[in-house]
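J.: Make a model of this:
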Amino acid sequence: MKKLFKKPKARSHLVAEAKECQDDNRDVVDVLGVLGITIAAINTTKDLVPIQLAKGILGTIANILAIAQSVIKNKSDFLELAQKCDTIRRVLERATKGTTKDDLQGSLGVALSELNISINRINSEVASKKEQSILGRLFSATIDRDHIASWEKDLDRVLILFNTEAIADMAIGVKKLTAEFKANAYGSNILRHCQVPVPPSRPSMFYGRDDLVAEMMNLIVSDEHIALIGPGGMGKSSLAKAILNEALVVEKFAERRFFVTYDGMDPSAITFETFMTRLARALGIELVGVDPMRQICTFLRSTSALIVLDNAETFEEARGRHPAIPDAVNAFEDVRFSVQRSQIFLLNRTEPDFRITTRSRRNAPNVPWITKDIPPLDVGSALEAFFRIYRQVSRGNAEEEITNLLMELEFHPLSINLLANAAQQNSWSLRTLLTRWKHQPIAVLDHGEGKLQSLSATMQLSLSSPSIQNFGEDGGRTLAIIAFLPQGLNGDLATQLLPSLPGIDIICDVLCRQSLVYRQGAFIKMLAPIRHYVQNSSLASLVFTCLRDVGDFYYYTVQHCSQERDHHADIIISDHLNIEHVIAFELTQVPDRTEETLNICGLFLQCLQRHLPRPTALALAIFNIVEEPSTLRLKARCLCDLGRLYGALSQLSKTIKAFQAAEALYLTASDYKGVAYCVTIRADMYRCEGRFIQAQRVLEDFQVSNSWGYLSETTKARVWCFLDIARIYTFTASADELFAKSMEDREWGLYSKVSHWRTKLYYGEDIAQVKMHLEELLLQSTNNGD
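T.: Numbers count the residues shown, from 1 in each chain. As a prediction, the model looks like this:
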C-alpha cells in the first residue's frame, strides 16, 4: 500500500522536470509520455481514496488529460495544467486519507463540491472540442493557450479552499464533533448562520410569459407545490426568477426568497452530503453535526420562506444511489403539515414552499406536485425578443423572413436568443443571417461557451444524465431515429419499427421524462433545436444502425396496402411523411438498393393517390436518379405513378413533365408500348388544358416516328382513339370518320363505338338514333360480360 502511494509522488517530479525541459527546449519534451505518466498516477490514486466524490473528480481529471493526449494538437500547452492536476491528486490523497462520508459535512465537502464544479466545466469544454473535431472529420483540435490559462487560474482559486494541513486535521475534528452530537440529541439543532445570498433579479430579457406568471401565482396562493418541466433553454429558470421578484412574493417573503441552483454538478458524483451542503449554503446557514436535515427543517420552521430548486434533475438522477435525497424533499414537505397553517409555493408564516425547475418529470414521490410544461414562445413574443437584440435591420423590413426562421426554431427561447446575439455581434445582414442558418445551423447556435451561450452545451448537459447514459448506444439510436423521422417516432408502432431495440418503449419514456422528446398524439417528437443538434452531432451516425428496421416495416406495409381502406392503409395515412422521407433517403443515399426502393416508391405513390392524394417531396429524388440499364423501366414506371398522382391533384403541367420524362426512358429502353402509353397520356393532358391542336399534333407526329412500327395493333388502336378524342375539339374530321380505325380492336372497340356515337350527338345527330345505338352497345357489352 505504501508503495502505491509513493509512486504518484515520483511521477509528480517527472511533471515538474518536463516543465523545465519545456522552458529550455520544448522540442525535446516527451509530452505524450508526461501526460501518460500523470494519467496513470491519477488512476492509481483514484483507486485508493475512500470518498466517492473524490474518485469522481480524479476520474474526470484523467479523462481531460486523456483527451489532450489523443485529440488536442497543442499538447505541450497542457503541461502546466497537467502539473495542476497532479497537485490536485496529491491534495485529494492527503485530505481524504482515513475519512468517511460523515467527514464531508464541513469545509472538506464544500471544497470538494467547488472543485467538482470546476473540473466538470473544464471536462465539458474539452469534450466539446473533441466532438467538434469528430464532426469536422479532423484528426485533432486546438485549444487556445489563454483559455487553458483561465482553467489553471480557476483551479488555483479552488485549491485555496484546500488548506492541506487544516483539512488533514479536520477529519479528526469532525469525528470528535460527530461523537459529541450523537451523545447530545439536541446538539444537531444548533444553527450557524452565514451571509444569505441575495435572490436573483428579474431577467432583463423576458417576453411572452405574463399569463404564465399569473397562472403560477394563482397556484401559489392555492397552496400548491409546482414543478416546471421543459427542455434545456425553454426558460424555466427565467420564469422562476421572474416569479421570485413579483411584488406579492417580495411582500410576503422579503429576504426569505431562496434560489438554489444545482447547475454545473455532475449527477453521477452528487451525494446526499453535497445536495444538503448546496441547499444550506443558499439558505445562509452552516451545517454543524451529522443531521443536516434536522437543521434545515429547524431553520425552515422559524418563519416563512420561498425556495426554488433549479436544475433539480441533477439531484433527482441520484435518487437510485442516494434515496435520502427524495426523502429529504419529502421531509421538507412534512414541515408544512407539522403546523396548523399550510400554503405551498407562497408560504404563510411557518410553512416552507419548494418550487422546482427541472428537465425531468420525476419528482419526490410523496409530494403533491403540480407539473407545468413550459411552452415555446408565441410568434409575437418571439419576434419581440429577437428584434430586441438584433438591430441590423428593422422589424418592419424583415418580419416575414425572421418569422419563418423562428418557426424553424419552433420558437425555442434560448435558440432565439443565441441566433439574435450571433447575428448582432457579427453584424450580419438579413441575407447573411439566412444563409448562415441554412448551411450551418448548429454553428450559429454555438457562438459562446456554457449552457446560456451554446445549444451544444445545454444539450450535452441533458445527454450526460445517468438515466440516459445507462442505455448506452440504444439511447443514442433512439434519439437519432426520432430526429431523422420528420413526424417523429410512432409510439404505437415503436416495437415493430425498431425490433433491434427491445427496450424502446422504456427508452422513450425516459427521454420524455428528461424533456428531450415529447408526445404529440401517437408520435414521439423532438423540438427543432434539439433535432438540429442531434442531426449534427456524433449521434447522427447511429441512425444507420436501425434505419434498416424502420425501412423494412414501412416497405412491408406499402407492399401489402390494397385499394380498400385497411390496417396497412391506416399506417400509410398516419406515417406518410416518415415513409416518404425513408424512401427519399434511400433513393439518394443507398445506391445499392435503388431497384427495390424504386419499386416501393411507385407503390407508395399509388397508395397516396388512392388514400391520401397530396403533393409529394419524392419528385426531386425520382428525377435525380442516375439511370442504369437495370433501372430505366423502373424509373419510368415510378415517373408514371408520379404523373398519375399529379393528375389526381389536377396539376396538369407537372403531370405532363413526369410522363414526358418517362417517355424518354422507355424509348431508351426500347419499350415502345411504354412510349405509346406516355404519349397518349401527355396528349390527353394537353386536351384537358384546352390545347387541342397540340394534343392532335403530338399523336400525329408519333404515328410517323420510328417507334410506330414496333407497336401492336391494340396499342395503335389506343393511339388512334386518343387522337380522335383530340380531333373532336379541333373539328378537323367528320363524326363518321372519328373512331373508325379503333372500332374494330377487341380491347378498344367498345370504348371507340361509344365515343363515336357520343361524338355524333355532340355534332348534332338525331338524339333518338344516338340513343338507340347506345342501347344496342349496352346490351352487347352486357351479353359479352364487358
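J.: Name the next helix or strand downstream of the helix or strand encompassing Ala661, please.
T.: Assigned by DSSP states H and E, Ala661 falls within helix 652-668. Counting by DSSP H and E, the next helix or strand C-terminal to helix 652-668 is helix 672-688.
J.: Give me the distance from that next one to the chain's centre.
T.: Centroid separation for helix 672-688 versus its chain: 46 Å, with C-alpha atoms, centre = their mean, to the nearest Å.
J.: which helices and strands sit right next to that helix?
T.: Under the contact criterion of 3 or more C-beta pairs under 8 Å, 6 or more residues apart in numbering; DSSP states H and E, helix 672-688 touches helix 632-648, helix 652-668, helix 692-703, helix 713-730. All C-beta spots, glycine's among them, are computed from the backbone N, C-alpha and C.
J.: got a markdown table for these, with distance to Tyr554 too?
T.: Below are those laid out as a markdown table (distance: least, C-beta to C-beta, whole Å):
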| stretch | distance to Tyr554 |
| --- | --- |
| helix 632-648 | 17 |
| helix 652-668 | 23 |
| helix 692-703 | 38 |
| helix 713-730 | 35 |
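J.: and among those, the most buried is which?
T.: Neighbour counts (mean count of other C-beta atoms under 10 Å) averaged over each of the helices and strands packed on helix 672-688 peak at helix 632-648, with a mean of 23.
J.: and it with helix 672-688, angle?
T.: Using axes from the mean of the first three to the mean of the last three C-alpha atoms, to 10 degrees, the inter-axis angle of helix 632-648 relative to helix 672-688 is 20 degrees.
J.: For helix 632-648, which outside residues touch it?
T.: The set of residues that contact helix 632-648 without belonging to it, under C-beta atoms under 8 Å, 6 or more residues apart in numbering, is 595, 598-599, 601-602, 605-606, 608-609, 613, 616, 618-619, 622-623, 625, 627, 652, 654-659, 661-663, 665-666, 668-669, 671, 674, 677-678, 681, 685.
J.: show me where the stretch 351-500 of the chain has helices.
T.: All helices of the stretch 351-500 of the chain, identified by DSSP state H, counting those that start in this stretch, fall at 379-389, 395-408, 413-425, 430-439, 441-444, 455-463, 466-469, 473-484, 494-497.
J.: Any chance you could list what contacts the last one?
T.: Counting contacts by C-beta under 8 Å, 6+ apart, the residues outside helix 494-497 that touch it are Leu489, Asn490, Ile504, Asp505, Cys508, Ile524, Asp549, Val550, Phe553, Tyr554.
J.: give me phi/psi at the fourth one?
T.: So that's Asp505. Dihedral pair for Asp505: phi -60, psi -40, per degrees, to the nearest 10.
J.: need the contact list for it.
T.: Contacts of Asp505 (C-beta under 8 Å, 6+ apart): Gly491, Ala494, Thr495.
J.: how about those in JSON lines, adding neighbour count and pLDDT?
T.: Listed next are these as JSON lines, based on neighbours: other C-beta atoms under 10 Å; pLDDT from 0 to 100:
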{"residue": "Gly491", "neighbour count": "20", "pLDDT": "94"}
{"residue": "Ala494", "neighbour count": "20", "pLDDT": "95"}
{"residue": "Thr495", "neighbour count": "13", "pLDDT": "94"}
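J.: Can you convert the residues you listed into JSON lines and add a column each for distance to Glu747?
T.: Listed next are those as JSON lines, based on distance: C-beta to C-beta, whole Å:
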{"residue": "Gly491", "distance to Glu747": "50"}
{"residue": "Ala494", "distance to Glu747": "49"}
{"residue": "Thr495", "distance to Glu747": "49"}
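J.: ok, the residues you listed vs Val91, which is closest?
T.: Nearest to Val91 among the contacts of Asp505: Ala494, at 49.4 Å, using C-beta to C-beta.
J.: can I get the helices of the stretch 351-500 of the chain in CSV with distance to Thr759?
T.: Below are the helices of the stretch 351-500 of the chain laid out as CSV (distance: least, C-beta to C-beta, whole Å):
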stretch, distance to Thr759
helix 379-389, 57
helix 395-408, 52
helix 413-425, 64
helix 430-439, 55
helix 441-444, 60
helix 455-463, 68
helix 466-469, 72
helix 473-484, 55
helix 494-497, 54
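J.: Which of the ones you listed sits closest to Val49?
T.: Val49 lies closest, by C-beta to C-beta, to one member of the helices of the stretch 351-500 of the chain: helix 466-469, at 21.1 Å.
J.: Now do the closest one, average pLDDT.
T.: Confidence for helix 466-469, expressed as mean pLDDT, is 79.
J.: so what does that helix touch, helix or strand wise?
T.: Looks like helix 466-469 contacts helix 504-513 (3+ C-beta pairs under 8 Å, 6+ apart).
J.: Tell me the buried residues in the helix it packs on?
T.: Buried residues in helix 504-513, defined by neighbour count with 16 or more other C-beta atoms under 10 Å: Ile504, Ile507, Cys508, Asp509, Val510, Leu511, Cys512, Arg513.
J.: So what touches the helix or strand following that helix?
T.: For helix 504-513, the following helix or strand on the C-terminal side (DSSP H and E) is strand 518-520. Strand 518-520 is contacted by residues Asp373, Gly488, Gly491, Cys512, Ile524, Lys525, Met526, Leu527 when judged by C-beta under 8 Å, 6+ apart.
J.: Which single one of the residues you listed is nearest to Ser237?
T.: Closest to Ser237, out of all of the contacts of strand 518-520 and judged by C-beta to C-beta, is Asp373, at 15.4 Å.
J.: Let's see the pLDDT reported for that closest one.
T.: Per-residue pLDDT puts Asp373 at 83.
J.: so what's it closest to, chain neighbours aside?
T.: Ranked by C-beta to C-beta, 6 or more residues apart in numbering and with sequence neighbours excluded, the top spatial neighbour of Asp373 is Ile229, at 5.1 Å.
J.: Report the separation between that neighbour and Ile468.
T.: Ile229 is 16 Å from Ile468, where distance means C-beta to C-beta, to the nearest Å.
J.: Okay, now the unreliable bits of the stretch 301-450 of the chain?
T.: Counting by pLDDT under 70, the stretch 301-450 of the chain has low-confidence residues at 301-303, 313-368, 447-450.
J.: My read is that Ile625 contacts Thr594, right?
T.: Yes: with contact defined as C-beta atoms under 8 Å, Ile625 reaches Thr594; the gap is 6.6 Å.
J.: Now list whatever residues contact both of those two.
T.: Leu587, Thr631.
J.: Mind putting the buried residues of helix 504-513 into JSON lines with distance to Leu645 and pLDDT?
T.: Compiled in JSON lines, the buried residues of helix 504-513 are given as follows (distance: C-beta to C-beta, whole Å; pLDDT from 0 to 100):
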{"residue": "Ile504", "distance to Leu645": "33", "pLDDT": "93"}
{"residue": "Ile507", "distance to Leu645": "37", "pLDDT": "92"}
{"residue": "Cys508", "distance to Leu645": "33", "pLDDT": "92"}
{"residue": "Asp509", "distance to Leu645": "38", "pLDDT": "89"}
{"residue": "Val510", "distance to Leu645": "40", "pLDDT": "87"}
{"residue": "Leu511", "distance to Leu645": "36", "pLDDT": "88"}
{"residue": "Cys512", "distance to Leu645": "36", "pLDDT": "85"}
{"residue": "Arg513", "distance to Leu645": "41", "pLDDT": "79"}
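J.: Strands of this structure, residue ranges please.
T.: 192-193, 225-229, 257-261, 285-286, 305-310, 352-358, 369-373, 489-490, 518-520, 523-525 (DSSP state E).
J.: Please export the alpha-carbon coordinates of stretch 603-612; PDB is fine.
T.: Below are the C-alpha coordinates for stretch 603-612, written out as PDB (Å, rounded to 0.1, in the frame of the first residue of the first chain):
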ATOM      1  CA  LEU A 603     -46.300   1.500 -54.900                       C
ATOM      2  CA  PHE A 604     -46.300   4.300 -52.300                       C
ATOM      3  CA  LEU A 605     -47.300   6.900 -54.900                       C
ATOM      4  CA  GLN A 606     -50.200   4.600 -55.800                       C
ATOM      5  CA  CYS A 607     -51.200   4.400 -52.200                       C
ATOM      6  CA  LEU A 608     -51.100   8.200 -51.800                       C
ATOM      7  CA  GLN A 609     -53.300   8.500 -55.000                       C
ATOM      8  CA  ARG A 610     -55.900   6.100 -53.600                       C
ATOM      9  CA  HIS A 611     -55.900   7.000 -49.900                       C
ATOM     10  CA  LEU A 612     -54.200  10.400 -49.300                       C
END
